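Give me the fold of what follows.
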Amino acid sequence: MFANPWSYLIVIAVLIVASLAFYAIKLLRQLKKQTAQQAQAEQERQRSLNQHDKKILDSIVIIVRAMKEEQCDISEGCWRLSVLLDSLKTSENHHQQFPAIFELYEAIKHMPILEARKKLEKRERMKLDFERVKIEARLADAVKENVNTLHQYAAERVADLT
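Predicted structure coming up:
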């Protein structure tokens with residue numbers, strides 16, 4: 001077939017190079033497919049986080065409106081808002097953005113609620129109420145300012161997520 005032994009080596013070398021090229025192309029296709037799948041998974045994860053945050057922000061808007069219309073006690077509103085703000089997945093630094101809300105929450109979070117509050121003696125409940133009212137009075141103006149800012153922030157974020 002081939003008279004020269006170098007011809008065999010050249011044919012073998014060409015076959016090796018061709019098979020390596022085929023394998024490299026196969027790996028590149030797999031990489032492209034994996035990259036596309038990862039991008040799609042990331043988009044789905046981001047969409048899920050956005051849906052979660054939209055629900056949270058809708059709740060924040062409702063509580064903020066209730067606080068502005070004085071349908072919700074300032075302490076209860078700050079308690080609920082701080083918990084909701086901490087549960088947002090796609091943003092952070094809310095403690096710096098809304099310090100009065102979180103300061104009030106930190107000051108009252110140790111106070112019992114619901115059944116635990118009902119179990120307290122009347123004198124103890126009055127003492128805690130007095131402590132809460134003092135804190136509310138001290139932070140009222142700053143909380144109202146934070147609530148106004150939070151309302152605007154939440155409304156803008158909801159619009160961005162839809």
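
these two touch, right, residue 72 and residue 62?
No: applying C-beta atoms under 8 Å, one finds residue 72 not in contact with residue 62, separated by 9.3 Å. C-beta: built from backbone N, CA, C; applies to glycine.

who's more crowded, these two?
With neighbours defined as other C-beta atoms under 10 Å, residue 72 and residue 62 compare such that residue 72 has more, 18 against 13.

what sits against that one?
Shown in contact with residue 72 (C-beta atoms under 8 Å, 6 or more residues apart in numbering): 63, 66, 80.

Pick out the one among the residues you listed with the largest number of neighbours.
Highest neighbour count within the contacts of residue 72: residue 63, with 22 neighbours (other C-beta under 10 Å).

Which helix or which strand is home to that one?
According to DSSP states H and E, residue 63 maps onto helix 5-68.

May I see the buried residues of the following helix or strand past that helix?
Next helix or strand after helix 5-68 toward the C-terminus (DSSP H and E): helix 74-86. Neighbour-count burial for helix 74-86, counted by 16 or more other C-beta atoms under 10 Å, picks out 74, 75, 77, 78, 79, 80, 81, 82, 84, 85.

and what of stretch 108-122?
Buried, per 16+ other C-beta under 10 Å, within stretch 108-122: 108, 111.

same question, stretch 120-131
Under 16+ other C-beta under 10 Å, the buried positions of stretch 120-131 are residue 128.

Could you check the pLDDT of the residue lying closest to residue 77 once chain neighbours are set aside?
The shortest distance from residue 77 to any residue other than its chain neighbours is 4.1 Å, reached at residue 67 (C-beta to C-beta, 6 or more residues apart in numbering). We have a pLDDT of 96 for residue 67.
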